[in-house]
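**Student:** Have a look; sequence and predicted model below, questions after that.
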Amino acid sequence: MKLKRLIGAASMAAVLGTTVWADEIKFANFTPPFHTINASVIEKMNEMLSGATGGEVTVRGYHGGELGAGPVEQYVRVVQGVADVAWGLPGYTSSQFDDTMIVELPNAIPLDAPGWAAIWAAYEDHLADEFPGTVPVALWTSEPNIFIMKDREVRSPADVAGLKIRVAGATAAKVVEALGGTPVQMPINQVYNSLQTGLIDGVITGSSTLNDFKLDEVANSYTLGANLGRLSFFAVMNQSAYDGLSDAAKAALDPAALSKSAEDAWNATSDDGLAKARATGDNTFIDLNADEAEAFAAAVADVVNAYVAEVDGAAALEAMRGAVN
């Protein structure tokens with residue numbers, strides 16, 4: 001609730017204040033410039049707007065937290081106008097994104113389904129109110145989550161019991177608890193050191209992190225095949241900044257194309273990271289069969305059903321599933 005009040009106050013300040021539109025759109029990126037977000041969203045958005053306006057409107061990435069460190073605060077920075085656009089994870093402020101985070105739940109959508117299409121199918125009727133003061137320019141998901149572990153092998157739900165597992169948000173925390181583990185919530189940029197030092201035993205996240213955050217350097221066991229959900233992401237633009245765009249720029253800004261570009265890039269980064277990790281020969285890969293994967297689904301089914309009921313999200317889930325089934 002504190003975050004919602006802060007966003008509301010910041011939104012009002014943005015409306016009441018005078019917005020000075022600049023030709024350069026400032027895109028805040030809390031990760032380094034080599035991260036997947038740069039080429040797939042920031043540079044692609046620049047191509048869209050620059051091409052449509054003859055170079056009069058450009059998008060510049062401010063990388064490594066140059067406009068403010070820490071992934072948790074990115075949404076608020078956009079609302080306050082510190083950045084024109086920023087990207088982030090709903091899971092870091094999950095109380096704001098009750099329905100959006102349904103897409104992250106285990107078995108919400110199939111492993112091979114496009115998450116970006118599921119989110120946008122539910123957006124207009126069910127999710128739009130969760131993005132106050134902004135205009136989403138991209139909404140997408142990661143590749144399916146896997147277990148990325150150090151010195152632990154996960155072959156069944158019983159293997160998670162007693163382990164400390166990093167999670168990105170509240171829904172993933174409930175999943176870990178249902179499996180008998182202890183969830184540890186922290187930003188992804190803290191996971192490397194936490195795995196290395198033994199603060200955590202592993203993480204449930206997408207395998208794109210093997211490249212983007214070098215987790216392959218500290219992990220040595222990977223479990224694939226269970227539908228453990230996925231992470232969701234947003235890239236949002238300050239409402240006043242969007243309103244200041246020319247008609248040509250608005251027409252060129254294609255949220256569906258940006259969303260697909262981001263998700264395709266996440267999947268490509270994931271595939272590359274897994275291939276490299278398999279090729280080293282010093283990692284354990286556990287590829288679950290259908291029965292083994294179903295054991296995980298059964299273990300977390302009550303958590304999934306309870307969350308959807310708690311947020312009154314049945315209609316949102318139906319819209320998401322209808323888009324990809």
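**Tutor:** Sure thing, it's come through.
**Student:** list the contacts for Phe131?
**Tutor:** 234, 236 (CB atoms under 8 Å, 6 or more residues apart in numbering). (C-beta placed from N, C-alpha, C; glycine too.)
**Student:** any idea of the pLDDT on it?
**Tutor:** On the pLDDT scale, Phe131 is placed at 98.
**Student:** end-to-end on stretch 138-154?
**Tutor:** For stretch 138-154, the first-to-last residue distance is 34 Å (CA to CA, to the nearest Å).
**Student:** Check which residues of it are buried.
**Tutor:** For stretch 138-154, the neighbour count (16 or more other CB atoms under 10 Å) marks 138-150, 152, 154 as buried.
**Student:** hmm, which two among these are most spread apart?
**Tutor:** Pairwise distances across the buried residues of stretch 138-154 (CB to CB) peak at 34.7 Å, for the pair Ala138 and Arg152.
**Student:** quick revisit: from the buried residues of stretch 138-154, which land in strands?
**Tutor:** 138-141, 145-149 (DSSP state E).
**Student:** Now do the closest residue to Pro71 other than its chain neighbours against Leu245, distance only.
**Tutor:** Once flanking residues are discounted, Pro71 sits nearest to Phe30: 4.8 Å by CB to CB, 6 or more residues apart in numbering. According to CB to CB, to the nearest Å, Phe30 stands 24 Å off from Leu245.
**Student:** what's the helix or strand for Trp87?
**Tutor:** strand 85-88 (DSSP states H and E).
**Student:** picking up where we left off before, present the ones in strands among the buried residues of stretch 138-154 as TSV; the columns should include pLDDT.
**Tutor:** Shown next, in TSV, are these (pLDDT from 0 to 100):
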residue	pLDDT
Ala138	98
Leu139	98
Trp140	98
Thr141	98
Asn145	95
Ile146	97
Phe147	97
Ile148	98
Met149	98
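**Student:** need these in JSON lines with distance to Thr100, can you?
**Tutor:** What follows is those, written out as JSON lines (distance: CB to CB, whole Å):
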{"residue": "Ala138", "distance to Thr100": "13"}
{"residue": "Leu139", "distance to Thr100": "8"}
{"residue": "Trp140", "distance to Thr100": "12"}
{"residue": "Thr141", "distance to Thr100": "10"}
{"residue": "Asn145", "distance to Thr100": "17"}
{"residue": "Ile146", "distance to Thr100": "22"}
{"residue": "Phe147", "distance to Thr100": "24"}
{"residue": "Ile148", "distance to Thr100": "24"}
{"residue": "Met149", "distance to Thr100": "28"}
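**Student:** Pick the one among these closest to Ser232.
**Tutor:** Thr141 (5.1 Å).
**Student:** can I assume that closest one is in contact with Ala117?
**Tutor:** No: Thr141 is beyond contact range of Ala117, at 9.7 Å (criterion: CB atoms under 8 Å).
**Student:** Pull the number of nearby residues for Thr197.
**Tutor:** For Thr197, the tally of surrounding residues (other CB atoms under 10 Å) stands at 10.
**Student:** contacting residues around the longest helix along the chain?
**Tutor:** Scanning the chain for the longest helix, with DSSP state H as the assignment, gives helix 255-279. Taking contacts as CB under 8 Å, 6+ apart, the residues outside helix 255-279 that touch it are 36-37, 39-41, 44-45, 48, 114-116, 119-120, 136-143, 206-212, 216, 222, 224, 233, 235, 283, 285.
**Student:** Quick one: buried ones out of those residues?
**Tutor:** Here, 16+ other CB under 10 Å leaves 36-37, 40-41, 44-45, 48, 114-116, 119-120, 136-143, 206-212, 216, 222, 224, 233, 235 buried among the contacts of helix 255-279.
**Student:** For stretch 248-260, list the C-alpha coordinates in CSV.
**Tutor:** Below are the C-alpha coordinates for stretch 248-260, written out as CSV (Å, rounded to 0.1, in the frame of the first residue of the first chain):
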residue,chain,number,x,y,z
ALA,A,248,4.0,9.9,-36.0
ALA,A,249,6.1,8.8,-33.0
LYS,A,250,3.0,7.3,-31.2
ALA,A,251,2.0,5.5,-34.3
ALA,A,252,5.5,4.0,-34.7
LEU,A,253,5.6,2.8,-31.0
ASP,A,254,4.5,-0.8,-31.2
PRO,A,255,4.2,-2.4,-27.8
ALA,A,256,3.4,-5.8,-29.2
ALA,A,257,6.5,-5.8,-31.4
LEU,A,258,8.7,-4.6,-28.5
SER,A,259,7.2,-7.2,-26.2
LYS,A,260,7.8,-10.0,-28.6
